[in-house]
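**Q** Give the three-dimensional model of this entry:
(one chain, ligands or ions: 1)
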Amino acid sequence: MNERTTLKAADNGHLIIGGCDALELAKEFGTPLYVFDEAYIRAMMRVYKKTIESRYGGNGNVLYASKAFSCEAVYRIAQQENIGCDAVSGGELYTALKAGFNPANIYVHGNNKLFYELEEAVDAGVGGIVLDSISEAEVLDGICRAKSKTQDVLIRINPGVEAHTHAFVQTARTDSKFGFSISDGSALEIINGVLALKNIRLKGFHCHIGSQIFEKQSFVLAADKMMDFIKHVKDETGFVASVLNMGGGFGIYYTDDDPKLKEEDYATYLTALIDGIKGKAKELNLPEPYLLIEPGRSIVGESGITLYTVGTIKDIPGIKKYVAVDGGMFEAPRYALYQSKYCAAKADDVNAPCTQVVSIAGKCCESGDLVAADVRLPEVKKGDILVVFSTGAYHYSMASNYNRNFVPAAVLVKDGKADIIVKRQNYEDLVRNDVIPERLK
Ligand code: LLP
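**A** Down below sits the predicted model:
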């Protein structure tokens, strides 16, 4: 168990999160259940915000990458913590606005934003749109012209930095679908194109090198390359970027394969990035850009746990033991997608010694449907409540209704109080959009 969060073991061995007994939560709200620790989310938002304040004179902001976990309550928390957010679809933008988020602090992303998404972003008055193609820039310019508005934009640049993470979550390799490559000259081409457009105003550049990254050097190298690029653009076009968005990507603890970072370690990561930018600005005689960062996983990932009820247990002697739970790839898709690793425990005795290695199987009709493989657990029996840790990021947000299973409820816990922030779906939700055409009646 990762002691850094407000997770702890009560005297009776029960898991406590945000002052709530996990067994009571399971009983009250049912399982599977996503549980989010509000204090943890706020602490992580603050650590980034404070580091920008103390190490960079407040010349920047944190944009919570809401793809990690998007629902109205989490935008409320971000707004209260006085940070911005990044929205990557009309749906995320809609949710943020519905939660009352200040549009000026929303940045809109996406490699293929749809016409209506661009229009909605302009109508809302978002702080920035991060462009990912020249055709998109032209469409946006047309939308702004028609509405007699000017929209601030950034251009997504691919600095070509490879970080050690799963190939699917690396986004700044030269073969990435995202951004414009510095190395092949395509970045400079789009900048000239965007500068020629009258209804969009180029403010600077964005990059994002990938996710679940622990190497400080990768971030510093990307910042270095971006600053060199800003200088190159200045020399070639006269345009001086005033905003630099370095994306997200800081890693979190899932298993002992990952370092266990403390809040101050994340401050150290960000400080290294800031120092790199400051040093480069001085060296290249550039103004220090307004810095944006977009952490998602590191803000919500370790704030979240998922509670399950154990069902069928199947031991294939000498081969494998499956402990099936009432969830699966529909609410925990990361094993199926990336073979992601997790730690788990028995919620009524979190520190019980582990005596076996099992696969936690889901209930979907698919062999690859595991919540996690090769997990160390104590003996468990049908009806026990299992907890899987570090499920706050990219679980609820990537959940589906595969096999017509329900997306579970999410509760937010703080100081012993638990509130529903996402209701559990029901059968009616599953058929809400189904239509039987007349000719089938
Ligand atoms: N900014 C941009 C432009 C991004 O594409 C991402 C993540 C972030 C920020 C936030 O990165 P973070 O701080 O969360 O690492 N579904 C995958 C992760 C995909 C990440 C996509 N982009 C997973 O479950 O591991």
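**Q** quick check: longest strand of this protein.
**A** strand 304-316 (DSSP state E).
**Q** Just the CA trace of the very next helix or strand once past that one, in PDB.
**A** Next in sequence after strand 304-316, counting helices and strands by DSSP states H and E, comes strand 320-325. The C-alpha trace of strand 320-325 is given here as PDB (Å, rounded to 0.1, in the frame of the first residue of the first chain):
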ATOM      1  CA  LYS A 320      -2.700 -20.200 -12.900                       C
ATOM      2  CA  LYS A 321      -5.200 -19.000 -10.400                       C
ATOM      3  CA  TYR A 322      -8.000 -16.700 -11.400                       C
ATOM      4  CA  VAL A 323      -9.900 -14.600  -8.900                       C
ATOM      5  CA  ALA A 324     -12.800 -13.200 -10.800                       C
ATOM      6  CA  VAL A 325     -14.400  -9.900  -9.700                       C
END
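**Q** strand partners of strand 320-325, parallel vs antiparallel please.
**A** Using DSSP bridges, strand 320-325 pairs in its sheet with strand 304-316 (antiparallel), strand 356-361 (parallel).
**Q** Now do the buried residues in it.
**A** For strand 320-325, the buried set under the neighbour-count rule, 16 or more other C-beta atoms under 10 Å, comprises 321-325. All C-beta atoms are positioned from the backbone trio N, CA, C, and that covers glycine.
**Q** Around the ligand, pick out the residues from the stretch 301-441 of the chain.
**A** Residues of the stretch 301-441 of the chain that fall close to the ligand, judged by C-beta under 6 Å from any ligand atom: 334, 338, 393-394.
**Q** ok, now with 8 Å
**A** Within the stretch 301-441 of the chain, the positions adjacent to the ligand are 301, 334, 337-338, 340, 393-394, 398 by C-beta under 8 Å from any ligand atom.
**Q** Spell out which two among those residues are the most distant pair, please.
**A** Spatially, the most separated pair among those is 301 and 337, at 15.5 Å (C-beta to C-beta).
**Q** pLDDT value on the residue most central in space within the chain, please?
**A** The geometric centre of the chain, computed from its C-alpha atoms, lies nearest to residue 68 (C-alpha atoms, centre = their mean), at 2.6 Å. Here, the pLDDT recorded for residue 68 equals 98.
**Q** Could I get the contacting residues of it?
**A** 296-297, 299-301, 392-394, 397 (C-beta atoms under 8 Å, 6 or more residues apart in numbering).
**Q** Next step: the residues you listed restricted to helices.
**A** 297, 299-300 (DSSP state H).
**Q** Of these, just say which sits nearest to residue 435.
**A** residue 300 (35.5 Å).
**Q** and residue 15, what does it touch?
**A** So residue 15 contacts 1, 7-9, 21-23, 305, 345, 347-348, 350, 387 (C-beta under 8 Å, 6+ apart).
**Q** For burial, what's the neighbour tally of the residue of the stretch 301-441 of the chain found nearest the ligand?
**A** Relative to the ligand, the nearest point of the stretch 301-441 of the chain is residue 394 (3.2 Å; C-beta to the nearest ligand atom). Neighbour count of residue 394, defined by other C-beta atoms under 10 Å: 25.
**Q** Looking at it now. What's its pLDDT?
**A** Taking residue 394 on its own, its pLDDT is 98.
**Q** what do you get for residue 187?
**A** Reported pLDDT for residue 187: 88.
**Q** is it true that it touches residue 157?
**A** Yes: in this structure, residue 187 is within contact of residue 157 by C-beta atoms under 8 Å, at 5.3 Å.
**Q** who touches both of the two?
**A** 179-180, 229.
**Q** Counting neighbours, which of the residues you listed comes out on top?
**A** residue 179 (27 neighbours).
**Q** unless I'm mixing things up, residue 129 is touching residue 106, no?
**A** No: the pair residue 129 / residue 106 is not scored as a contact, 9.7 Å apart, by C-beta under 8 Å.
**Q** Show me the common contact partners of these two, please.
**A** Contacts common to residue 129 and residue 106, judged by C-beta under 8 Å, 6+ apart, are residue 121.
**Q** quick revisit: just so I know, which of the strands paired with strand 320-325 lies nearest residue 197?
**A** strand 304-316 (41.4 Å).
**Q** CA atoms of that closest one as CSV?
**A** Provided in CSV are the C-alpha atoms of strand 304-316 (Å, rounded to 0.1, in the frame of the first residue of the first chain):
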residue,chain,number,x,y,z
GLY,A,304,-8.2,6.7,-6.9
ILE,A,305,-8.9,3.1,-6.0
THR,A,306,-11.4,0.6,-7.3
LEU,A,307,-13.3,-1.7,-5.0
TYR,A,308,-14.6,-5.1,-6.2
THR,A,309,-16.4,-8.1,-4.8
VAL,A,310,-14.7,-11.4,-5.4
GLY,A,311,-16.8,-13.9,-7.3
THR,A,312,-15.6,-17.2,-8.8
ILE,A,313,-12.2,-18.5,-8.0
LYS,A,314,-10.6,-20.9,-10.4
ASP,A,315,-7.4,-22.6,-9.7
ILE,A,316,-5.8,-24.4,-12.7
